[in-house]
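Enquirer: quick one, what's the 3D model for this:
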Amino acid sequence: SMSLGSDVGAPDAACSVAFQTAAQQLINNGCIVIAAAGNAGHLSNHWVGQPARCHGFMAVGSIDRQRHWSAFSSYGSDNGPLSNVEIAAPGSSINSTRRGGGHTVMSGTSMACPHVAGAAALLKQLHPTWSPERIRARLRDTATDLGMPGNDEKLGHGLVNCEDAVYAP
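Expert: As a prediction, the model looks like this:
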């Protein structure tokens, strides 16, 4: 779960070789690599940031309590699947810990990313022989479609659905 990143200035921005190398090493060791899409959704350069846009990373966008796209959540373009949000999770007004101790309410795709990582961890626990790609596909295939029908630029395949990912046939 990588709740970090940087904005990009163009929809076809190249990915860092370091991020791509790191992702491939993690995948080769059985890890699914999940990253926050970024918080530039309200800007003209709203594209999914690095490392989420890079090959091997599962980009996570944010929804609010009404299951609508969070206006801050970065989103993709028509430049192919590697620059798009793949799945979404709650990221608006999330209770979180804060630096220095205590709790606060925060919003961002960094708040959404751990939801998807938790679902992936449950799948890995239940199916230790599943590859990272199989877990990733299961999360996509069982997501609850939101927004535009099918895979869309802001919400990807939809809201991560942990119950269906774990229990659906």
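Enquirer: gap between the two ends of stretch 27-44?
Expert: 33 Å (CA to CA, to the nearest Å).
Enquirer: per-residue pLDDT of Asp152, please?
Expert: pLDDT recorded at Asp152 is 89.
Enquirer: pull up the gap between it and Ala40, please.
Expert: From Asp152 across to Ala40, the span is 17 Å (CB to CB, to the nearest Å). All C-beta atoms are positioned from the backbone trio N, CA, C, and that covers glycine.
Enquirer: same question for Ile34.
Expert: With CB to CB as the criterion, Ile34 and Ala40 are 19 Å apart.
Enquirer: the more surrounded of the two?
Expert: Ranked by neighbour count (other CB atoms under 10 Å), Ile34 and Ala40 place Ile34 first, with 31 against 21.
Enquirer: surely that one and Ala120 touch.
Expert: Yes: using CB atoms under 8 Å, Ile34 is in contact with Ala120, at 6.3 Å.
Enquirer: could you say what helices and strands the strand ranked longest in the chain packs with?
Expert: Determined from DSSP state E, the single longest strand within the chain is strand 57-63. Applying 3 or more CB pairs under 8 Å, 6 or more residues apart in numbering; DSSP states H and E, we find strand 57-63 packed against strand 33-36, strand 87-90, helix 109-126.
Enquirer: quick one: that strand to helix 109-126, angle?
Expert: Strand 57-63 runs at 120 degrees relative to helix 109-126, counting by axes from the mean of the first three to the mean of the last three CA atoms, to 10 degrees.
Enquirer: how close does the most centrally placed residue in the chain sit to Gly41?
Expert: Geometric centre of the chain, nearest residue: Val60, 1.5 Å, by CA atoms, centre = their mean. Going from Val60 to Gly41 by CB to CB gives 13 Å.
Enquirer: roughly how far does Ile34 sit from Thr142?
Expert: For Ile34, the distance to Thr142 (CB to CB) stands at 15 Å.
Enquirer: quick check: bridge partners of Glu61?
Expert: No, residue 61 isn't Glu; it's Gly. Ala88 (DSSP bridges).
Enquirer: run a quick neighbour tally on it.
Expert: Neighbour tally, Gly61, other CB under 10 Å: 35.
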